[in-house]
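**Q** Sharing a model prediction with you, sequence too.
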Amino acid sequence: MDQKLFDLVYEAVVNRESTYEGVYYTGVKTTKIVCRPTCRARTPKSTNVTFYRTLEDALQAGFRPCKRCKPEANGALGPDAALAAQVDDLIELQYNEKLTLDKLATALVISPYHLQRTYKQVRGYSPAEKTERVRLQHAQQLILESNVNITEVGVAVGYSSPSHFTSWFARRTGVSPTAYRNGQRGGDSAETK
Ligand SMILES: [Zn+2]
């Protein structure tokens with residue numbers, strides 16, 4: 001498993017977020033117990049964790065299902081939600097690259113049509129919209145929390161052209177990146193947030 005992806009999934013485990021429910025199972029090497037990522041038991045150290053794609057894989061590797069979160073019981077995500085979560089993973093890892101529907105579909109070995117349709121059903125918006133949201137979130141963070149200049153912020157979130165980045169950012173937020181850095185939040189001030 002890619003380190004960046006591991007960190008993302010582990011962070012969800014730490015925060016007990018349901019993002020990876022049914023997508024990954026947490027094998028705890030020290031106890032040989034496998035949990036759902038949302039298990040309420042004490043969070044294992046990252047060095048003691050192996051993530052498994054399926055419960056079967058974890059059981060085969062010698063893990064026993066946790067009595068507390070019962071990963072073998074119903075309630076895990078269906079295949080559509082699991083697919084949507086995989087798409088989110090890919091977008092989080094590659095949002096700074098040119099990310100097309102075809103590219104995502106190729107990575108997941110499914111048709112672009114099926115990907116688009118399933119994702120939209122689960123999330124309520126398209127993978128392209130998700131990519132924009134992830135990019136915007138990272139751009140806003142870089143603008144507010146770093147001294148990286150606006151051109152470089154654009155490059156970091158996949159816009160090689162500063163003018164394209166600026167107009168896209170303004171369209172999404174209502175203010176330019178520079179104005180955003182200077183504290184204008186398009187009517188949504190930092191204090192009230
Ligand atoms: Zn558990």
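**A** Perfect, thanks for sending it. Predicted, not measured: the structure shown is a model, and the values here were computed from it.
**Q** tell me the domain boundaries of the chain?
**A** Structurally, the chain divides into domains by automatic domain parsing as follows: 3-65, 78-193.
**Q** CSV for the ones you listed, including mean neighbour count, mean pLDDT and distance to Glu72?
**A** For every residue, glycine as well, the C-beta is placed using N, CA and C. Compiled in CSV, the domains of the chain are given as follows (neighbours: other CB atoms under 10 Å; pLDDT from 0 to 100; distance: least, CB to CB, whole Å):
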stretch, mean neighbour count, mean pLDDT, distance to Glu72
domain 3-65, 17, 91, 5
domain 78-193, 16, 89, 16
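**Q** just so I know, which of those domains lies nearest the ion?
**A** The closest of the domains of the chain to the ion is domain 3-65. By CB to the ion, the value is 3.1 Å.
**Q** Up against the ion, what does this protein have?
**A** By CB under 5 Å from the ion, the part of the chain that sits against the ion consists of Cys35, Cys39, Ala41, Cys66, Arg68, Cys69.
**Q** Looking at those residues, spot the one nearest Arg185.
**A** Distances from Arg185 to the residues of the chain next to the ion, taken as CB to CB, are shortest for Cys39 (37.3 Å).
**Q** For the closest one, pull up the helix or strand it's in.
**A** Here Cys39 sits in a region with no helix or strand, counting by DSSP states H and E.
**Q** Give me the nearest residue to it, chain neighbours excluded.
**A** Among residues not flanking Cys39 along the chain, Cys69 sits closest, at 3.8 Å (CB to CB, 6 or more residues apart in numbering).
**Q** Show me the strands in this protein, by range?
**A** 25-28, 33-35, 49-52, 64-65 (DSSP state E).
**Q** quick one: which of those is nearest Lys98?
**A** Short answer: strand 49-52, nearest of these by CB to CB, at 28.0 Å.
**Q** Quick one: residues in contact with that closest one.
**A** 1, 6, 9-10, 13, 24-29, 34, 58, 61, 63 (CB atoms under 8 Å, 6 or more residues apart in numbering).
**Q** Mind doing that once more with 7 Å?
**A** Where contact means CB atoms under 7 Å, 6 or more residues apart in numbering, the residues beyond strand 49-52 that reach it are Met1, Phe6, Val9, Tyr10, Tyr24, Tyr25, Thr26, Gly27, Val28, Lys29, Val34, Ala58.
**Q** what about the residue nearest to Cys39, how many residues close to it?
**A** Burial measure for Cys69: 21 neighbouring residues, criterion other CB atoms under 10 Å.
**Q** Got phi/psi on it?
**A** phi -100, psi -10 (degrees, to the nearest 10).
**Q** Show me how far the single longest helix found in the chain is from its chain's centre.
**A** For the chain, the longest helix by residue count, based on DSSP state H, is helix 127-145. Averaging C-alpha coordinates over helix 127-145 and over its chain gives two centres that are 12 Å apart (CA atoms, centre = their mean, to the nearest Å).
**Q** same question, stretch 101-120
**A** 16 Å.
**Q** For it, measure first residue to last.
**A** Distance between the two ends of stretch 101-120: 12 Å, counting by CA to CA, to the nearest Å.
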